[in-house]
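sequence first, predicted coordinates after that:
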Amino acid sequence: MNLANKLTIGRIFLIPIFMFFLLVNIPYGDYIAVGIFILAATTDSLDGYIARSRNQVTKFGKFMDPLADKLLVSAALISLVEMNKLSSWVVVVIIAREFAITGLRVIAASEGITIAASWWGKFKTITQIVAIVSLLLDNFPFSMINFPFDKIAIALALIFTIVSGVDYIYKNKEVFLSGNK
């Protein structure tokens, strides 16, 4: 088990800890949860960098890394709905895109095709993380100047989520069409 895979597993283990601090009413629990979320989100970039730089990309990592990311973001988004900080339709759109692209990747993999992450997908991930953090922090520090950064951030995350999903499907439409020839 290499370091990159250990970081991925660590990210998965941080999810219930993040949710505990976020949802259980304890002093400063929400701030601890934000710190845990940021730490877990940071390991996403770090594990990929380590795997590539050390030439240690594994099948396990290719499967578990995106799954860990989806679990972390989904847990945060669903928790934000429970906390009445985010509309459920936004979360449904984001999670539906994740299911669709994961399905596309599974179909592609069954045909020996690897679908690499695109820049749109990277922007999607970054904007989702920024939006989640701003929502978790109740728009701090922007709330002090009455600037709706959290609403702008979630709108951008939603736009990048949709655009990246359409981009993946369009660029890989042959995966869907290959069985129809």
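Received it, and whenever you're ready, just let me know what you need. Note that the coordinates shown come from a computational prediction; the quantities given were computed from them, not determined experimentally. Numbers count the residues shown, from 1 in each chain.

show residues contacting the helix or strand hosting A108.
A108 is located in helix 88-110, with elements delineated by DSSP states H and E. For helix 88-110, the external contacting residues (Cβ atoms under 8 Å, 6 or more residues apart in numbering) are 66, 70, 73-74, 77-78, 80-81, 114-115, 121, 128, 154, 157-158, 161-162, 164-165, 168-169, 172, 175-176. From N, CA and C alone the C-beta is placed, and that goes for glycine too.

quick one: buried ones out of these?
Neighbour-count burial within those applies to 66, 70, 73, 77, 80, 115, 121, 128, 154, 157-158, 161, 164-165, 168, 172, 175; the criterion is 16 or more other Cβ atoms under 10 Å.

please work out the average pLDDT along stretch 138-146.
Mean per-residue pLDDT for stretch 138-146: 94.

residue ranges in the chain under the pLDDT threshold?
By pLDDT under 70, the low-scoring segments of the chain are 178-181.

okay, domains of it per the record?
Listed by automatic domain parsing, the domain ranges of the chain are 1-68, 85-176.

so where do the strands sit in the protein?
Read by DSSP state E, the chain holds no strands at all.

show me the helices in it, by range?
Along the chain, counting by DSSP state H, helices occupy 3-23, 29-53, 59-82, 88-110, 119-136, 149-171, 173-177.

out of these, which is closest to S143?
helix 149-171 (8.3 Å; Cβ to Cβ).

quick one: that closest one to helix 59-82, angle?
140 degrees (axes from the mean of the first three to the mean of the last three Cα atoms, to 10 degrees).

shouldn't I17 be in contact with I36?
Yes: counting by Cβ atoms under 8 Å, I36 is a contact partner of I17 at 5.8 Å.

comparing the two, which shows the higher neighbour count?
A direct count of neighbours by other Cβ atoms under 10 Å for I17 and I36 places I36 higher, at 19 against 14.

can you count the residues close to the residue lying closest to the more buried one once chain neighbours are set aside?
Once flanking residues are discounted, I36 sits nearest to F18: 4.3 Å by Cβ to Cβ, 6 or more residues apart in numbering. Each residue near F18 was counted by other Cβ under 10 Å, and the total is 25.

sweet, I'm off.
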